[in-house]
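*Asks:* Below are the sequence and a predicted model; questions follow.
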Protein chains: 2
Amino acid sequence: MAKTGDPARAVTAPATGALDFALDRGSPVPLYYQLAQQLEAAIEHGVLAPGNLLGNEVDLSVRLGLSRPTVRQAIQSLVDKGLLVRRRGVGTQVVHSQVKRPLELSSLYDDLEAAGQGPGTRVVRNEGVPAAAEVAAALGVAEGAEVTVLERLRLTHGQPVAMLCNYLPAGLLELDDARLESTGLYRMMRASGITLHSARQTVGARIASPGEAERLGETEGAALLTMQRTAYDDTGRAVEYGTHVYRASRYAFDFQLLVRN
Amino acid sequence: MAKTGDPARAVTAPATGALDFALDRGSPVPLYYQLAQQLEAAIEHGVLAPGNLLGNEVDLSVRLGLSRPTVRQAIQSLVDKGLLVRRRGVGTQVVHSQVKRPLELSSLYDDLEAAGQGPGTRVVRNEGVPAAAEVAAALGVAEGAEVTVLERLRLTHGQPVAMLCNYLPAGLLELDDARLESTGLYRMMRASGITLHSARQTVGARIASPGEAERLGETEGAALLTMQRTAYDDTGRAVEYGTHVYRASRYAFDFQLLVRN
DNA sequence: AAGTGGTCTAGACCACGAC
DNA sequence: TCGTGGTCTAGACCACTTA
């Protein structure tokens, strides 16, 4: 017992023994979700260290007074998040560190805020225009139909980082300039009851034109990181098409991927 | 009945009625997986069109002779893939198009092959070297410990597209030059029994140095797309650290994201 | 009020991995 | 051989949406 195979990856006895999970059956929060949250917190705080075994599902369900499927559902959600790994014949263990951020629909605003960069936004343009062919195709509306065009300059520490140009179907959302300058576009969408489902992105690079260089405070010929994106809600409707350019000297996309096996 | 709410998003009666699913209980393939595959194929081939309702889970399970949890498991896997959307009180429907490719651990080789670009690889360097500080930190080995360095030039139609520089723990994998030139690195890893779990990536841009420009067939000052990546297997061990530079004039990252709600 | 998915139970047997 | 997760069943009640 407590055999350690590879000393570098030693695994001690099930580490959930000492943990107390508080499940509230009166709560509207599902039991599996309560358990998942508490497990995640335990991992986050290091109570469950990387490599620790979780203890087998049957014992766990008995100890918690839950059925095994419910316990499995909780565990599965953390496996999907990349925090746990299941191995047949071995058990479920905490992943060896490294996992922190899954890739979200990269919202520059959130990225910068999370990094403590104190983001700022200047709305340069916010009006209805007829859709050009490219925009119409991306949003799935008729060419010439009215769409809202939104141009924003994103700043950190008072310095420009990116120019964001977005097109949205007319009337999808109330786009108040003041609110746009104090939060991100995606947050505003979510607050309006729009549930994002998926997005298609293209990331590339190019050289700054004189006009771009001036607006971004770069020199002509500087490297720019570009992103085009079309986002869809869960009914399949395109809710946003955007073309963004970032100063490569001040910004890079940084994200984590989980591999589907 | 068969009421159509929004004519643009009309939804007909459950469309699974006419479908025949062939489930083989003798097969080692799980029942939920067989069902998921057949549903996915039906969606792929347009038998189930975007917006079609799937029919309620209880009826479906009765018709298929499966329990409801099993049917749910099949449906859930397609929801996770972004092909279906569930709505309480409404039903499960096929997502309105647009979903094709989830973002994989971008393997340039696979990307190009899928695009019919006939990729080629020239191995420029493949040897053991002591790990520099940066590499040691990324791979989690001691500074100066031996690692394998791999430099490859990726081509399409005989033209260079990218320079790939990878570091791997020594002895992790047999890196045969001939095989490296005929397939991708990740395929070789998978074939060696390494199961990738996650990766951390940084994508940026910069200007080509004279040396890079020459090797890639670009002009000095051209825009380059850069990617750094560390990949981990399911034990948390770093299995690869790479620095890649792409000719922005010939390549961009193109991918689809699913939003976690 | 009726219909849908969301959650939960208390079992069962099987397949794989480690020993 | 034994222990683990993987799959599957046949129900139950609840919450939400729509009408």
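*Replies:* Received, thanks.
*Asks:* next structured bit after the helix or strand of chain A with the lowest mean pLDDT?
*Replies:* Taking mean pLDDT, DSSP states H and E as the measure, the helices and strands of chain A show their lowest mean at helix A:108-114, namely a mean of 60. Taking DSSP states H and E as the definition, the helix or strand that follows helix A:108-114 towards the C-terminus is strand A:119-130.
*Asks:* Could you tell me which other helices and strands the next helix or strand after that following strand packs against?
*Replies:* Once the chain leaves strand A:119-130, the next helix or strand it forms, by DSSP H and E, is helix A:133-139. Using 3 or more Cβ pairs under 8 Å, 6 or more residues apart in numbering or on different chains; DSSP states H and E, the elements in contact with helix A:133-139 are strand A:146-156, strand A:159-169, strand A:238-247. Placement of C-beta: from N, CA and C, glycine included.
*Asks:* So for DNA strand D, which of these sits nearest?
*Replies:* Distance to DNA strand D, taken as Cβ to the nearest atom of the strand, is lowest for strand A:238-247 among the helices and strands packed on helix A:133-139, at 17.9 Å.
*Asks:* Walking through chain A, point out its helices one by one.
*Replies:* In chain A, the helices defined using DSSP state H lie at A:31-44, A:57-64, A:68-80, A:108-114, A:133-139, A:177-182, A:185-191, A:210-216.
*Asks:* Kindly reformat those as CSV containing mean neighbour count and distance to B:Ala36.
*Replies:* CSV is the format used below for the helices of chain A (neighbours: other Cβ atoms under 10 Å in any protein chain shown; distance: least, Cβ to Cβ, whole Å):
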stretch, mean neighbour count, distance to B:Ala36
helix A:31-44, 18, 21
helix A:57-64, 15, 23
helix A:68-80, 18, 16
helix A:108-114, 18, 33
helix A:133-139, 17, 31
helix A:177-182, 13, 41
helix A:185-191, 17, 29
helix A:210-216, 15, 47
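*Asks:* of all the ones you listed, which has the lowest average per-residue confidence?
*Replies:* Set side by side, the helices of chain A give their lowest mean pLDDT on helix A:108-114, at a mean of 60.
*Asks:* low-confidence ranges in chain A?
*Replies:* A:1-18, A:97-118 (pLDDT under 70).
*Asks:* May I have the beta-bridge partners of A:Glu127?
*Replies:* When bridges are taken as DSSP bridges, the partners of A:Glu127 come out as A:Val149.
*Asks:* hang on, the earlier thing: so which of the helices of chain A gets nearest A:Asp254?
*Replies:* Minimum separation from A:Asp254 across those (Cβ to Cβ) falls at helix A:108-114, 8.0 Å.
*Asks:* can you tell which of the helices of chain A is closest to B:His244?
*Replies:* Between B:His244 and these, the shortest gap by Cβ to Cβ is with helix A:108-114, which sits at 21.9 Å.
*Asks:* if you compare the helices and strands packed on helix A:133-139, which one is most tucked away?
*Replies:* Mean neighbour counts were compared across these using mean count of other Cβ atoms under 10 Å in any protein chain shown; the top stretch is strand A:238-247, at a mean of 22.
*Asks:* Nearest to DNA strand D, out of the helices of chain A?
*Replies:* With respect to DNA strand D, and counting by Cβ to the nearest atom of the strand, the nearest of the helices of chain A is helix A:57-64 at 4.1 Å.
*Asks:* Could you list every helix and strand in contact with that closest one?
*Replies:* Using 3+ Cβ pairs under 8 Å, 6+ apart, helix A:57-64 is in contact with helix A:68-80.
*Asks:* could you dump the helix it packs on to CSV, C-alpha only?
*Replies:* Coordinates of the C-alpha atoms in helix A:68-80 are reproduced here as CSV (Å, rounded to 0.1, in the frame of the first residue of the first chain):
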residue,chain,number,x,y,z
ARG,A,68,-22.4,7.4,-7.9
PRO,A,69,-23.7,9.0,-11.1
THR,A,70,-24.0,12.3,-9.3
VAL,A,71,-20.4,12.1,-8.0
ARG,A,72,-19.3,11.1,-11.5
GLN,A,73,-21.0,14.1,-13.0
ALA,A,74,-19.1,16.4,-10.7
ILE,A,75,-15.8,14.7,-11.4
GLN,A,76,-16.5,14.7,-15.2
SER,A,77,-17.0,18.4,-15.2
LEU,A,78,-13.6,18.9,-13.7
VAL,A,79,-12.1,16.5,-16.2
ASP,A,80,-13.6,18.5,-18.9
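*Asks:* so, in contact with chain B or not, that helix?
*Replies:* Yes. For helix A:68-80 and chain B, the contact criterion (Cβ under 8 Å from any Cβ of the partner chain) is met by A:Pro69, A:Asp80.
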